[in-house]
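**Q** Predicted model follows, preceded by the sequence.
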Amino acid sequence: MRRQRRVKIVATLGPASSSLDVISRLFDSGADVFRINMSHTSHAEMTRLHGLIRQVEDKNRRPIAILADLQGPKLRIGTFAKGSVTLEEGSQFTFDLSDKPGSETRVLLPHPEIFATAAAGDCLLLNDGRLKLEIEKASRSRILARVIYGGTLSDRKGISLPDTVLPMSAMTEKDRADLDHAVNVGVDWIALSFVQRPEDVAEARKMARNRALIMAKLEKPAALTHLDQILELADGIMVARGDLGVELPIEQVPGRQKQITRAARAAGRPVVVATQMLESMIHEPVPTRAEVSDVATAVFEGADAIMLSAESAVGAYPDGAVAMMDKIAQSVEHDPFYAGIIHAQRTEPQPTSADAISAAARTISETLNAAAIVCYTSSGATGLRAARERPATPIIALTPIAATGRRLALVWGLHCVLTEDAQTLDDMVARATRIAHREGFAEAGQRVIITAGVPLRTPGATNLLRIAFVDKSD
């Protein structure tokens, strides 16, 4: 099944989409990647969903990526004697380590690491940013803050500190257990929440041991100050706009989204734009005009993938949301302004033979109006390089390794096909032209551009470019 767009679609599974029938419909509607949110999924349910996705994959004979999204640390306050209180603007409020029920003036904050790090002048956000306080005094057991934006505060609401780098791991014991189970089951990508530092990504990579790729979720301002180092360690990036919009001034989020998307593309890392993209479709059969524009902006920016969360997990129209996202993406990619915007963001290739070959393949394919670029890739690196060029020509990624094909299913423009490795150069050309014809990319007489590494079956050794004609026998 050939998609008529380059950007990929990630669909989150949940109560509305946990059956084989609905997962099949989501794939048919355009989903390329399925996300399993470990905040709400047991190990047994993850295993069951993994099996259903692989059934859909076998039926359609196309690699499908599975993304397990770790919950990450959840920072919450304690409870109140009356269930909730109202904080008035300008009033003082105290956080402490006492487990007594809270009142109008204080509440338990059961996180010693916050007391160890917070300082006067730091900001505290509660209840998804609806309440804002500024710390006036902080000690190892007590924080006195003044209310900047007041409102109702109830039991167990979340708290975040956008100005503070907390001395804690991005993974809890639950996350470590979830990651270990996910990679043993055969999940392709792990999304790591609560990333503050490059070390957080390094810890997850060490645990995964290359059994799955690591996607760093950028949802905390601290991570943005280390963006380049995080890009070096992570295999992919997710712009988690929901939490990022809580901890950053909300008006800064669009600019940060562009910054992250462009930096990830320059580094050759796939980037996913997520959160509230078609939020109204949780309950309505059509999105708002603003939501359509939001999705279109991510596609114009050249994001590798765009993601549905609650829309497909608990919404009333899960496959309708995927189909709508597919329609928007196709429309954008056929827009006359699209090619110019994508071209303007292109980065210079690095001084390596693999980058030079990928850049040359794009130039030659567009000059000759080739039907497709066919790249042989073992580790996936060649496919990533080809996608980073964002060519106007379709890209077919051929690999003998199922895990590679599945991981690349998230990457912009790659149509992944599992095939046996070529045995000779003649076999390489014949196989590439035959698959390009069979998959509906090329007709007899058209040209395809082939990139590969010689000697064959040598990972990371892309050094060959061939121009081949598709003959009638294909």
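**A** Structure's in. What do you need?

**Q** so where's the chain uncertain?
**A** The model of the chain has pLDDT under 70 over residues 457-460, 474.

**Q** So it: which segments form each domain?
**A** Under automatic domain parsing, the residue ranges defining each domain of the chain are 8-72+169-336, 84-160, 353-469.

**Q** would you turn these into CSV with distance to residue 2?
**A** Just so you know, the C-beta spots here come from the backbone N, C-alpha and C atoms, and that holds for glycine as well. Below are the domains of the chain laid out as CSV (distance: least, CB to CB, whole Å):
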stretch, distance to residue 2
domain 8-72+169-336, 9
domain 84-160, 41
domain 353-469, 5
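
**Q** Of all the ones you listed, which one is nearest residue 345?
**A** With respect to residue 345, and counting by CB to CB, the nearest of the domains of the chain is domain 8-72+169-336 at 5.8 Å.

**Q** re earlier: output the domains of the chain as a markdown table; include the columns mean neighbour count.
**A** Listed next are these as a markdown table, based on neighbours: other CB atoms under 10 Å:
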| stretch | mean neighbour count |
| --- | --- |
| domain 8-72+169-336 | 20 |
| domain 84-160 | 16 |
| domain 353-469 | 20 |
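
**Q** quick one, strands of the stretch 1-150 of the chain?
**A** Listed in chain order, the strands of the stretch 1-150 of the chain (DSSP state E, counting those that start in this stretch) span 8-13, 33-37, 65-69, 84-87, 92-96, 106-108, 123-126, 131-138, 142-149.

**Q** can you tell which of those strands is closest to residue 280?
**A** Here strand 8-13 is closest among those (CB to CB), at 16.2 Å.

**Q** Which one of the domains of the chain lies nearest to residue 347?
**A** Proximity to residue 347, assessed across the domains of the chain by CB to CB, is greatest for domain 8-72+169-336 (4.4 Å).

**Q** ok, now how distant is residue 164 from residue 196?
**A** Applying CB to CB, to the nearest Å, the value for residue 164 to residue 196 is 10 Å.

**Q** List the neighbours of the longest helix anywhere in the chain that are in contact with it.
**A** In the chain, taking DSSP state H as the definition, the longest helix is helix 43-60. Applying CB atoms under 8 Å, 6 or more residues apart in numbering, the contact partners of helix 43-60 are 1, 13, 18-20, 23-24, 27, 34, 36, 38, 41, 63-64, 66, 68, 177-178, 181-182, 185-187.

**Q** Narrow those to those in helices?
**A** Among these, the members found in helices (DSSP H) are 20, 23, 24, 27, 177, 178, 181, 182, 185.

**Q** For residue 295, state which of the residues you listed is nearest.
**A** residue 27 (19.2 Å).

**Q** Pull the contacting residues for the closest one.
**A** Applying CB under 8 Å, 6+ apart to residue 27 gives the contacts 56, 60, 64.

**Q** cutoff 10 Å now
**A** Counting by CB atoms under 10 Å, 6 or more residues apart in numbering, residue 27 touches 1, 9, 11, 34, 53, 56-57, 59-60, 62, 64, 319, 322.

**Q** Now the residue lying closest to residue 295 once chain neighbours are set aside: phi and psi?
**A** Of all residues not flanking residue 295 in the chain, residue 328 sits nearest, at 4.8 Å (CB to CB, 6 or more residues apart in numbering). Taking degrees, to the nearest 10, you get phi -60, psi -50 for the backbone angles of residue 328.

**Q** residues contacting residue 328?
**A** So residue 328 contacts 5, 7, 277-278, 287, 291-296, 298-299, 306 (CB under 10 Å, 6+ apart).

**Q** Is it correct that residue 442 is in contact with residue 448?
**A** Yes - between residue 442 and residue 448 there is a contact under CB atoms under 10 Å: 5.6 Å.

**Q** Between the two, which contacts overlap?
**A** Residues within reach of residue 442 and of residue 448 at once, by CB under 10 Å, 6+ apart, are 370-372, 374, 394, 396, 432-433, 435-436, 468-470.

**Q** Now tabulate these in CSV and tack on distance to residue 345.
**A** CSV is the format used below for these (distance: CB to CB, whole Å):
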residue, distance to residue 345
370, 22
371, 25
372, 23
374, 25
394, 19
396, 23
432, 29
433, 31
435, 30
436, 27
468, 30
469, 32
470, 31
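
**Q** still on that earlier bit, out of the strands of the stretch 1-150 of the chain, nearest to residue 379?
**A** For the strands of the stretch 1-150 of the chain, the distance to residue 379 is smallest for strand 65-69, at 15.8 Å, taking CB to CB.

**Q** A strand includes residue 350, no?
**A** No - remark: residue 350 does not belong to a strand; assigned using DSSP: H, G, I helix; E, B strand; the rest coil, it is coil.

**Q** tally of neighbours for it?
**A** 13 (other CB atoms under 10 Å).

**Q** and the end-to-end length of stretch 9-23?
**A** End-to-end distance for stretch 9-23: 13 Å, by CA to CA, to the nearest Å.

**Q** now stretch 59-73
**A** With CA to CA, one end of stretch 59-73 sits 38 Å from the other.

**Q** Out of the shared contacts of residue 442 and residue 448, list just those in strands.
**A** 372, 374, 396, 468, 469 (DSSP state E).

**Q** Quickly check these for the two that are furthest apart.
**A** Of all pairs drawn from those, the widest gap by CB to CB lies between 396 and 469 and measures 15.9 Å.

**Q** Give me the secondary structure label for residue 387.
**A** With three-state DSSP as the basis, residue 387 sits in helix.

**Q** is it true that it touches residue 375?
**A** Yes - with contact defined as CB under 10 Å, residue 387 reaches residue 375; the gap is 9.3 Å.

**Q** Quick check: neighbours shared by these two?
**A** With CB under 10 Å, 6+ apart as the test, residue 387 and residue 375 both reach 358, 395, 397, 414.

**Q** bridging residues for the second one?
**A** Judged by DSSP bridges, the bridge partners of residue 395 are residue 373, residue 414.

**Q** Report the contact partners of it.
**A** 6, 358, 361-362, 365, 372-375, 383, 386-387, 389, 408, 411-416, 441, 449, 451.

**Q** what's the answer for residue 451, then?
**A** Residue 451 sits next to 354, 357-358, 360-361, 373-377, 382-383, 385-386, 395, 432, 462-466 when contact means CB under 10 Å, 6+ apart.

**Q** now it, nearest residue through space, not along the chain?
**A** Closest residue in space to residue 451, ignoring its immediate chain neighbours: residue 375 at 4.6 Å, by CB to CB, 6+ apart.

**Q** and if you look at residue 267?
**A** residue 231 (4.3 Å).

**Q** contacting residues for that neighbour?
**A** By CB under 10 Å, 6+ apart, the contact list for residue 231 reads 198, 201, 216, 237, 260, 263, 264, 266, 267, 268, 269, 271.

**Q** just residue 199 next, same as before
**A** By CB under 10 Å, 6+ apart, residue 199 lies in contact with 169, 170, 226, 229, 230, 233.

**Q** following the helix or strand hosting it, which helix or strand shows up next?
**A** Per DSSP states H and E, residue 199 falls inside helix 198-208. Using DSSP H and E, the helix or strand that follows helix 198-208 in sequence is strand 213-218.

**Q** Thank you kindly, that will do.
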